[in-house]
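J.: from the sequence below, what's the structure:
(2 chains)
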Amino acid sequence: MNSVRTRIAPSPTGEDIHIGNLYTALINFAVAKKHGGKFIIRIEDTDRIRFQEGAEEKILASLKAYGVSYDEGPDVGGPFAPYRQSERLSLYKKYAEELVEKGAAYYCFCAKERLEKLREEQLAQKKTPRYDKHCLRAVKNPQERIAKGEQYVIRLNILPGKKMWFKDLIRGQITFDSSDIDDQVLLKSDGYPTYHLGVVVDDHLMQISHIIRAEEWISSTPKHVLLYESLVWEQPIFAHLPILRNPDKSKLSKRKNPVWASWYLQEGYVPEAVLNYLALMGWSHPEQREIFSLQEFIDLFDLKDVQPVGPVFDIQKLTWMNGVYIRDVLSKDDFLKRLKHFYRDDEEIASLFERDNSPLFSMLLDIARTRMKTLKDFKGLVKEPKKEDRYESEEVVLAKSLSDTFSSLSESDWNEERILEALKKFSAEQNVSMKLAYTLLTGKPQGLPLPQFLTYLGREAALRRLQRYW
RNA sequence: GGCCCCAUCGUCUAGUGGUCCAGGACGUCGGGUUCUCAUCCCGAAAAUCAGGGGUUCGACUCCCCUUGGGGUCACCA
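T.: Reported below is the predicted structural model:
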């Protein structure tokens, strides 16, 4: 067989790449890398109505941010450029016309009104809406009408009653009857191809070996198979991945779940953790391990092992896994690097990194890591508590008491041991729980271990935190 | 509704005819360590393997039906 070439074909119609598409990208990427092949990005921007400016850039940026790198694509080029369908229009027209010549497709001049009426009638009779091949029979001289400037589309000419099948790497053989397929529009009246024409032409021209896409495409694969047959092109290998689900089992959607890939990054998830979690959708490590590297995944992965069941995307488990990455998988340096990048625009937090090579800062990282599920959690751990408009008089009294206790400690006594003693003394003398000290100093009843954290903060900063009470 | 895909704890899954009165992970609930909260450690509850028929000496594993879920039926992808 030829070399392995896989691809994803996102449409620039949303804010960013959908997490389900990132999943598809991961699998395509893994298959290509495992076999020393190429992974390609092709932008399918044939829907001019839903087209969104900037979406392509966002998609490519997200892919890069996640480390799913591609060998060929619209911005990096490649041997089969261009990789944007809007720049390949003449190609689709050429093949559409070739199909017409072969009798596998035909011109259609039907107005939208006629199609709508037809559709309504069929629906009223409880029949599946289908084009009635009117133009195949009625149009005698299409070239003349085209020459006159009439609007037209090119439709796939499907001969009913034919049993067909294709092989899916994940689900085995899938059979269908050509009678169930509509005479799909292949070339739209605006000269753009529909997905079906575009995808087949480009996958063939770009020598894609494996078409790995989501399950929702299964029902249109017959049309593609027909196209490959009519054009006498070798069929690629098909594999339809399970669709990621909402908790209610419906197709993962933005109404019920955060779906944009960049959202997870903004929320402080690390790319490796997200990819690791995604890898576990429909696939499991041979030794049942949950945490593994991208490289290990690539080495072990095989499309045949993917389960066809649509898994629920469980953000809770993802969050757990992200915590594992933060405290166990990432090296301390790497963790710090991520943190710096994450807070690059946050002055309060970014200023902390000025001390990043002090032993105390290193300790801060250690005590913070085990308490974080996302990078975003860091801020909640270290930020200075807000000054309230007013405090209960008891609180003020206690804050002053704690302040006095701390003040009795000299600068040279400001260490973990002495601070802990002071806290215990305070807690005992005032007959309050330790949680109160946490509230006084961090604004919350729990947080970073005070002896260490206050040592890091320094005596002055610690006292300042208490001073907000008066 | 037609067509197609699917079906093991709440969730992600292991399991490819006997080693399973079903194992792991998340989550949940207890307990231990501890200055709070976490981490870490220990433990528990949680699937009559959707239901019913077969096949077989023997089915979670093979076949059929039912039920349930999902996808798809556009000049959107």
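
J.: could you pull up the residues touching residue A:443?
T.: By CB atoms under 8 Å, 6 or more residues apart in numbering, the contact list for residue A:443 reads A:385-386. Just so you know, the C-beta spots here come from the backbone N, C-alpha and C atoms, and that holds for glycine as well.

J.: tell me who's in contact with the nearest residue to residue A:457 once chain neighbours are set aside.
T.: Spatially, and ignoring its direct neighbours in sequence, residue A:457 is nearest to residue A:465 (7.6 Å; CB to CB, 6 or more residues apart in numbering). Going by CB under 8 Å, 6+ apart, residue A:465 touches A:384-385, A:440-442, A:457.

J.: write the PyMOL selection for whichever of the residues you listed are buried.
T.: Listed next is the PyMOL selection for buried residues among these, using 16 or more other CB atoms under 10 Å:
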select buried, chain A and resi 440+441+442+457
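
J.: export the contacts of residue A:465 to a markdown table and tack on secondary structure and pLDDT?
T.: Below are the contacts of residue A:465 laid out as a markdown table (DSSP: H, G, I helix; E, B strand; the rest coil; pLDDT from 0 to 100):
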| residue | secondary structure | pLDDT |
| --- | --- | --- |
| A:384 | coil | 94 |
| A:385 | coil | 94 |
| A:440 | helix | 95 |
| A:441 | helix | 96 |
| A:442 | helix | 95 |
| A:457 | helix | 96 |
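
J.: neighbours around the closest residue to residue A:123 other than its chain neighbours, how many?
T.: Of all residues not flanking residue A:123 in the chain, residue A:129 sits nearest, at 6.1 Å (CB to CB, 6+ apart). Residues lying near residue A:129 (other CB atoms under 10 Å) number 13.

J.: for residue A:129, give its distance to RNA strand B.
T.: Distance, residue A:129 to RNA strand B, using CB to the nearest atom of the strand, to the nearest Å: 4 Å.

J.: now do that residue, the pLDDT please.
T.: Looking at residue A:129, its pLDDT reads 92.

J.: can you check residue A:75 too?
T.: Confidence for residue A:75, expressed as pLDDT, is 97.

J.: one more: residue A:390?
T.: 88.

J.: which positions in the stretch 201-350 of chain A make contact with RNA strand B?
T.: A:215-220, A:242-243, A:245, A:247-251, A:280-284, A:288, A:290, A:305, A:307-312, A:314, A:316-317, A:320, A:323-324, A:327-328 (CB under 7 Å from any atom of the strand).

J.: need the buried ones from these selected in ChimeraX.
T.: To isolate the buried subset of these in ChimeraX, counting by 16+ other CB under 10 Å, use the following:
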select /A:215,218,220,242,243,245,280,281,282,283,310,311,312,323,327
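
J.: so which of the residues of the stretch 201-350 of chain A next to RNA strand B belong to strands?
T.: In strands, judged by DSSP state E, none of these are found.

J.: the residues of the stretch 201-350 of chain A next to RNA strand B in helices, which ones?
T.: A:316-317, A:320, A:323-324 (DSSP state H).

J.: domains for chain A, by residue range?
T.: A:89-241, A:331-375, A:393-467 (automatic domain parsing).

J.: Throw those into JSON lines and include distance to residue A:25, thanks.
T.: Compiled in JSON lines, these are given as follows (distance: least, CB to CB, whole Å):
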{"stretch": "domain A:89-241", "distance to residue A:25": "10"}
{"stretch": "domain A:331-375", "distance to residue A:25": "21"}
{"stretch": "domain A:393-467", "distance to residue A:25": "38"}
